[in-house]
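Visitor: sequence plus the predicted model coming up.
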Amino acid sequence: MTDARRAPSLRPLHAALLAAVALLAVAAPAAARAADDRVIFRLTDPLGDDHGDGSLRYPRSNDLKRGDLDIASFSAREEKGGTFFEVTFARRIRRTEPRAIDEGATLLTDVARLGFYTFNVDVYVDTDRKPGSGNVQLLPGRLAELQPEYAWEKCIALTPRPWDAGDETKRILTRRQRMEELKARGGKEKLPRETAQEISAEVNRLVDEKVFFPTVVQVNGPTVRFFVPASFLGGPARPEWAYVVFVTGADILQKLDLASLLGIDKKAALPGPYLIPVAYGSWENKFGTDTIDELLPPIVDLVVPPGASQEKLLGSSDPETDTPVRLPGVVPADLPPAGAAGKAR
Amino acid sequence: MRAKHTIALLAVAALLIPAAALAQQGPQFTLGGTTYTKWLWGNQRYQGALYNFKDAPGEGYGDNGQGTEIELLLNAKVSKAVEVKARLHSRFYQNFWTNGGGWGNPSGGTDCSGSGDSVGCGEFDPRSNQYVKLRGVTVTLTPGYKWIDSATIGSNDWGMFDPFVVGRMRYIDRDNVSGLLFQGSALDRTLTWDAARISLYRLFAGPSYTTGNFHAADGGYVGQLHYTPSSTWDAGALVEWTNDIEVDPNDNNWDNGRNTTTRFRNTVAGIKLGVHPSAGFDARAAWYYSTYDSVPIAGAPANFGINGYSPVPAGQHSDWSGKVDVDLLNLGGGGFSVNLEGFHIGAEYASILAARRESDVLLTEGHDSTWALPGPNNAAYGVFGGSGNRSIIGYGGWEGNAQQLATVNIDNQFTDFNEPMAETAIGWEGITIVPTFQSGALDMSAEYSYITYDTNWQAWGDDSRSITNSLYPAMDTQTGLGSYRSAYAPFQDKTTHIALVKGKYVIDAGKGIDVFGKIKYIKETDNRLNEARYLPYAAGDCSTSGTLECKGVKNYYSPGNSTADYYSNPPVITVNGVTGYKWKPFDSVSDDDRDLKYWMVNLGLGYQLTSDLYASAEYVHFDADLQDGNTAFQAYNLMEMASGKHLKNQVIVKARYTLGGLSECGIVYEYNYGTFDPDFGGGFVVQYADQDTANNVKVPVGSPGFAGRYGNWNSLLKRDFDQQRLKAYLKILF
């Protein structure tokens, strides 16, 4: 072919592109030196305990295998404007891929935009450490409470669909609060519209104030990092606070429980937004168990303080008295120096 | 007046606790499902189906129409140990709202093919009526024995194995393939095993996309072991054996039953090792070996021409594939990581049950999905004109970058434009380096890939055969800017370099503005026929001065075999007083050379407008200089030539709205526009389209071009492309 057919020289652009690639390859050192200085705390968790109360079995689904929800460590790192929390699992995190998840070829990457789709991580933070102050109830569907001395003021809920989970949480709580109000009024008259709207507004305000659903998320190998602004926590995370951290399975396709909604089956409750529930037996799309306990929480792995047993804690509910499990927090500042943080192996 | 009630946040959650009865012991039955409505609009004005792409013969495709489907999911937990699931699904293909419910026969019985613009035959055609079909039934037994965890009988997506060996079925086909699956564990679940017998799907799981005449006993048998003693390392092995048999036509004694004979047999084995000593280091290695024998009976081909179609080569073959991945993560804790991959996918590697779509076996981005088929606007065989050879997916192709798969049995059927394209990686070998950097709201990565090909050969790697008598299916041929399922070519000497930088940043404004972009460069060369002994005719066979003529003295590269059988000499013609060859004689090894310099730039924004509504907009620009042979080569006489300058632009707008968390609707709009300025080189006389040519290939009468060896017309006009298309949907889960 003649030279006339050749495109104009692109060497300057080649050089620029290769330079950009090389720049990334040398960007680490300066950043790395500063990184370790900003670690606030780091908690470790034993491997191989991703079984809840000891009886939990992973769903038979091909999207979740043993080890996927096994927390190895939980840490906090101060960054400009807030805190990056980091959870490292025993196995590489399954990344979202551009594959269809419904008949209309909706892509997984369009629904779970943050790069992960198999887990939720809850972090409940007791910022004032005052007994009796804060909330002991957890987000809907967790089937657990906190021990009163660890009642939380702030909750961080990492989930593949943060916007939708936030909305769904508000909807569930609003609905339940309206039902409670109706019951308090004798249940014979319809709740006034103004009252219903006030309840909705108040629930929304409280959720926005106390619950944060991260949207700045990085997934890298077995580690997920999520950013929580200082405006939410009132500053960077502090090692003196108490943290309750656990992981649940994520179901990114929420379905409506018709029976529960219509009141046909009062015992069949909506498990919680985008949460994989637990059920007796072995299932493809639920965690299985041989434990006969209606209050068994769908918590797969929990970071507990030294001396505590995850299995005992998550198996401590009492269905006869409707008493759920009660979880303790971990105070990083109270732990021995690095290497023995969290629960001893 | 403010309500006299106070709300302790989540105090009401206490109501959920006694209400929850998630660990019920008794039998349970649940009924759920999904309804999905799609609205397509496009300026190609096709109306053959509610999917943008389907190019199997006799099937329809479309970019216009509305339709609704419903699927019902039945789940019965009979006891702790027994679960039954079933899926009923209404047909979703040509069930347009304009069918009025699928009654009657819109075409009057004249054309029920559903092909192209065929409106089908309404109620009398399962593609048009809205009958509900049983799509799959699965019975799962979990007996609680120590030696077995579960036995699953019936439909399965087979995603528990490996995309190189037995891949997960694509989503819409997740219930199509049934079999027996047994799964168990030992050593405190550190050792798991899977064993299955898969009934071979007779629409694709064999040579020529069939399993022959006797299909009912055909099966694939697979066994897998996986050992995970700790989180720091794991190992696995699997083996699969496919057995496709036919009734032996030579057996004339039926009194003792009928004998069988093998049509296709395929054995694939794989071993894998993973090492994960810390969160900062991860290494994985996998090696696979395949052997297969395709016997030319019951429709299995004995050989192919230049452009054969089959999911596996003909005859007996064996080959290996493998890859090694090393991840260095968060080096120094500074957010910098490097992912490295070395890979080799053998030219003759084949597993008939390997993943065909919705998997990605390589780290590299590969090619871009907008360039899917050889023609400048993604037509195959567009040179021959006619409605059957027009572009189906259209100028815009598919979206994003392609997904690479270890098979030529690629499946892009029943897809829409907003999906990624699957492309074959058979024969690919090379390395990929992907550095990444994450800091705060910034996420950046780059890639460099060097790819050469195990399919680089002359005369199909066996010059004892004619190039029109090949064992390898070249599918739509490797010409133009893209050809998603073509791994083989008669002559190939190809290398590819891919380099890119991409990034995403969330601007801290409002709810957070996503900004994303990419710059990508591909340099690809293929010298194709690069030995003079393979040239079709003797040196100087066609004169270049004086009286023009070609003597026709063939050049034989082996006894009886000459490429002149395919690349015939041109006649001498006179057009408007100019005398010359109708196309350039193939007299130089550079006549079929391919040289691609390709740039892609992408910039986009996304924003969560409300908690329910997310929208994004992006602009993509492509600039490709392609030299893909001249008129001597003619894109194998079969495809539109694409040598020249390609400038393509895409504007993509998306929005997704979630309704009450249980339903959603969304819209994707694409505007594709650009130009193709052909440059086919010289050495031929420019011809002008007559009325018949104009009518056939849709060019102006009298426009310049040339007619090729098979009467195929390549236009020399600069082409302006403009494609708009839209897809809107509503989905409700219940």
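Guide: Good, I have the coordinates.

Visitor: wait, B:A237 touches B:V268, no?
Guide: No - shown here, B:A237 and B:V268 do not form a contact pair, counting by CB atoms under 8 Å, at 11.7 Å. Every C-beta, even on glycine, is put in place using the N, C-alpha and C of the backbone.

Visitor: neighbour count: those two, which is higher?
Guide: A count of neighbours by other CB atoms under 10 Å in any protein chain shown puts B:V268 above the other of B:A237 and B:V268, at 27 against 14.

Visitor: which residues touch that one?
Guide: Applying CB atoms under 8 Å, 6 or more residues apart in numbering or on different chains, we find B:V268 in contact with B:F164, B:V165, B:V239, B:E240, B:W241, B:Y288, B:Y289, B:S290, B:T291, B:S351.

Visitor: host element of it?
Guide: strand B:260-278 (DSSP states H and E).

Visitor: quick one, what contacts A:P324?
Guide: If you count contacts by CB under 8 Å, 6+ apart, then A:P324 has A:L143, A:A144, A:E145, A:L295, A:P297, A:S317, B:I17 around it.

Visitor: right, I mislabeled it, should have said A:L64
Guide: A:Y58, A:T118, A:G249, A:I276.

Visitor: report the separation between the second one and B:V312.
Guide: So the one you mean is A:T118. 34 Å (CB to CB, to the nearest Å).

Visitor: kindly report the same for the first one.
Guide: A:Y58 sits 36 Å away from B:V312, going by CB to CB.

Visitor: same question, the third one
Guide: Here A:G249 is placed at a distance of 39 Å from B:V312 (CB to CB).

Visitor: can you check B:Y36 too?
Guide: Taken as CB to CB, the span from B:Y36 to B:V312 is 34 Å.

Visitor: so for the two, which residue has more residues nearby?
Guide: Higher neighbour count among B:Y36 and B:V312: B:V312, with 28 against 21, using other CB under 10 Å.

Visitor: find the nearest non-adjacent residue to that one, please.
Guide: B:A350 (4.6 Å; CB to CB, 6 or more residues apart in numbering or on different chains).

Visitor: for that neighbour, what is the enclosing helix or strand?
Guide: Using DSSP H and E, B:A350 falls outside every helix and strand.

Visitor: these two touch, right, it and B:P313?
Guide: Yes - at 6.9 Å, B:A350 counts as touching B:P313 under the criterion of CB under 8 Å.

Visitor: pLDDT weak spots in the chain?
Guide: No chain was given, so I picked chain A. Applying pLDDT under 70 to chain A flags the ranges A:1-37, A:254-272, A:338-345.

Visitor: could you do chain B instead?
Guide: B:1-25, B:106-107, B:109, B:113-117, B:119, B:660-662.

Visitor: how about a cut-off of 80?
Guide: Within chain B, the segments meeting pLDDT under 80 span B:1-26, B:57-58, B:101-129, B:333, B:387, B:659-662.

Visitor: can you name the residue of it nearest chain A?
Guide: In chain B, the residue that lies nearest chain A is B:G332 (2.6 Å; CB to the nearest CB).

Visitor: and A:S61, what is it in contact with?
Guide: A:E284, A:N285.

Visitor: CA atoms of stretch B:658-670 as PDB?
Guide: The C-alpha trace of stretch B:658-670 is given here as PDB (Å, rounded to 0.1, in the frame of the first residue of the first chain):
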ATOM      1  CA  THR B 658     -37.500   2.500  40.800                       C
ATOM      2  CA  LEU B 659     -41.100   2.400  41.800                       C
ATOM      3  CA  GLY B 660     -41.600   1.500  45.400                       C
ATOM      4  CA  GLY B 661     -38.600  -0.700  45.400                       C
ATOM      5  CA  LEU B 662     -40.500  -3.500  43.800                       C
ATOM      6  CA  SER B 663     -40.800  -2.400  40.200                       C
ATOM      7  CA  GLU B 664     -38.800  -0.300  37.900                       C
ATOM      8  CA  CYS B 665     -38.900   1.200  34.600                       C
ATOM      9  CA  GLY B 666     -36.100   2.500  32.400                       C
ATOM     10  CA  ILE B 667     -35.200   3.900  29.100                       C
ATOM     11  CA  VAL B 668     -32.100   3.800  26.900                       C
ATOM     12  CA  TYR B 669     -31.800   6.000  23.900                       C
ATOM     13  CA  GLU B 670     -29.000   5.900  21.500                       C
END
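
Visitor: for that stretch, buried residues please.
Guide: By neighbour count on 16 or more other CB atoms under 10 Å in any protein chain shown, the buried set for stretch B:658-670 is B:T658, B:G661, B:L662, B:S663, B:E664, B:C665, B:G666, B:V668, B:Y669, B:E670.

Visitor: just the element for the fifth one, please.
Guide: Per DSSP H and E: B:E664 is located in strand B:663-678.

Visitor: which bits of the stretch 151-300 of chain B sit near chain A?
Guide: Residues of the stretch 151-300 of chain B lying close to chain A (CB under 8 Å from any CB of the partner chain) are B:152, B:157, B:159-160, B:168, B:170-172, B:183, B:189, B:228, B:230-231, B:276, B:279-280, B:282.

Visitor: strands - which of these land there?
Guide: Judged by DSSP state E, strands contain the following of these: B:T152, B:Q183, B:T228, B:S230, B:H276, B:D282.

Visitor: identify the residues contacting the second one.
Guide: Listed by CB under 8 Å, 6+ apart, the contact partners of B:Q183 are A:R60, B:I148, B:D149, B:S150, B:A151, B:T152, B:M160, B:T192, B:W193, B:D194, B:A195.

Visitor: contacting residues around the first one?
Guide: Meaning A:R60. A:R60 neighbours (CB under 8 Å, 6+ apart): A:S282, A:W283, A:E284, B:T140, B:S150, B:T152, B:Q183.

Visitor: ok so, going back, give the ChimeraX command for selecting the buried subset of the residues of the stretch 151-300 of chain B next to chain A.
Guide: Here is the ChimeraX command that selects the buried residues among these (16+ other CB under 10 Å):
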select /B:152,157,159,160,168,170,171,172,183,228,231,276,279,280,282
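
Visitor: tell me where the stretch 51-200 of chain A has strands.
Guide: A:71-79, A:82-89, A:119-126, A:144-146, A:154-158 (DSSP state E, counting those that start in this stretch).

Visitor: do you know which of the ones you listed lies nearest B:W371?
Guide: strand A:119-126 (36.6 Å; CB to CB).

Visitor: how about the helices in the chain?
Guide: With no chain named, the answer covers chain A. Secondary structure of chain A (DSSP state H): helices at A:11-25, A:28-37, A:108-111, A:162-184, A:193-210, A:230-233, A:258-261, A:310-314.

Visitor: let me rephrase: I mean chain B.
Guide: Using DSSP H, helices in chain B cover B:13-19, B:691-697.

Visitor: out of the contacts of A:R60, which is nearest to B:G397?
Guide: A:E284 (35.8 Å).

Visitor: next, count neighbours for residue 162.
Guide: Here I'm looking at chain A. Around A:P162 there are 21 residues (other CB under 10 Å).

Visitor: correction: the question concerned chain B.
Guide: Neighbour tally, B:D162, other CB under 10 Å: 25.

Visitor: dump the residue contacts of it.
Guide: Contacts of B:D162 by CB under 8 Å, 6+ apart are B:Q224, B:L238, B:G270, B:K272, B:A286.

Visitor: if it is in a bridge, with which residues?
Guide: Counting by DSSP bridges, B:D162 forms beta bridges with B:V166.

Visitor: and it, how far from B:A422?
Guide: Taking CB to CB, one finds B:D162 at 17 Å from B:A422.

Visitor: what of B:Y131?
Guide: Look at B:Y131 and B:A422: by CB to CB, they are 30 Å apart.

Visitor: thank you, goodbye.
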